[in-house]
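Peer 1: What would the 3D arrangement of this be:
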Amino acid sequence: MKMKNVIMIMLAFVCVSSYAQVTKNENQEHRKELHEKRANLTPEQMAELSTKKMTLHLDLNESQQAAIEKLELEKAKQKKAFHQKRKSGKELSENDRFESKIARLDSKIAYKKKMSSILNAEQYKKWEKGSFSKKRKHRKNHSKREFSSEKQEN
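Peer 2: Just a heads-up that it's a prediction; the model follows:
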């Protein structure tokens, strides 16, 4: 009788484990598809989408929308150029990487200053909280992936 219970428990465990693995693979494929679709957008389309999202999230007025769309277009063009440069496959030296990171951080600082001048205090606080939580969520997901890949290697 005990052996029968042990076998049933092990069978249930195997079924649950295989189901979890299938779900994880499906999620990865879905994310990959979304990433590819976003990569095909023009900078103008990316700027328009992000402006619309911010409008919904922050209740922007017309002048704020125009200013943010302009800012987002500039950001999208920089992002596209960065990705094109990265895709070219050139190996960057340590100094080039450092310079690239400095330029990206300077760009983020300037973007944040411009956003603070466009948005009112309440909107800025809400925007900053939203962008921080996205970054934290991204880091959390990224670290999980690294941990799981390290686990698989061992």
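Peer 1: so where is this protein shaky, pLDDT-wise?
Peer 2: The model of the chain has pLDDT under 70 over residues 1, 16-25, 89, 132-154.
Peer 1: How are the helices of it distributed by residue range?
Peer 2: 2-39, 43-58, 62-87, 94-118, 121-153 (DSSP state H).
Peer 1: How is this structure divided into domains?
Peer 2: 1-40, 44-153 (automatic domain parsing).
Peer 1: what's the most buried one of those?
Peer 2: When the domains of the chain are scored by mean count of other CB atoms under 10 Å, the highest mean neighbour count falls to domain 44-153 (a mean of 13). Quick note: C-beta positions are derived from backbone N, CA and C, even for glycine.
Peer 1: now that one, how far from the centre of its chain.
Peer 2: Centroid displacement of domain 44-153 relative to its chain, using CA atoms, centre = their mean, to the nearest Å, is 9 Å.
Peer 1: for residue 72, what are its contacts?
Peer 2: 46, 47, 48, 50, 51 (CB atoms under 8 Å, 6 or more residues apart in numbering).
Peer 1: From these, pick the one nearest residue 111.
Peer 2: Nearest to residue 111, judged by CB to CB, of the contacts of residue 72 is residue 50 at 11.8 Å.
Peer 1: who touches the closest one in this structure?
Peer 2: So residue 50 contacts 72, 76 (CB under 8 Å, 6+ apart).
Peer 1: quick one: it from residue 77, how far?
Peer 2: Between residue 50 and residue 77 the distance is 13 Å, computed by CB to CB, to the nearest Å.
Peer 1: same thing with residue 47?
Peer 2: 9 Å.
Peer 1: Residue 34 now?
Peer 2: 21 Å.
Peer 1: before we move on, what about residue 12?
Peer 2: 53 Å.
Peer 1: ok, now residue 91?
Peer 2: In terms of CB to CB, residue 91 sits 25 Å off from residue 77.
Peer 1: With residue 94 instead?
Peer 2: For residue 94 relative to residue 77 (CB to CB), the value is 27 Å.
Peer 1: Equivalent analysis for residue 29, please.
Peer 2: 30 Å.
Peer 1: Skipping adjacent residues, who's closest to residue 59 in space?
Peer 2: residue 123 (7.4 Å; CB to CB, 6 or more residues apart in numbering).
Peer 1: Isn't that neighbour up against residue 55?
Peer 2: No: here residue 123 does not reach residue 55: they are 10.7 Å apart, not a contact under CB atoms under 8 Å.
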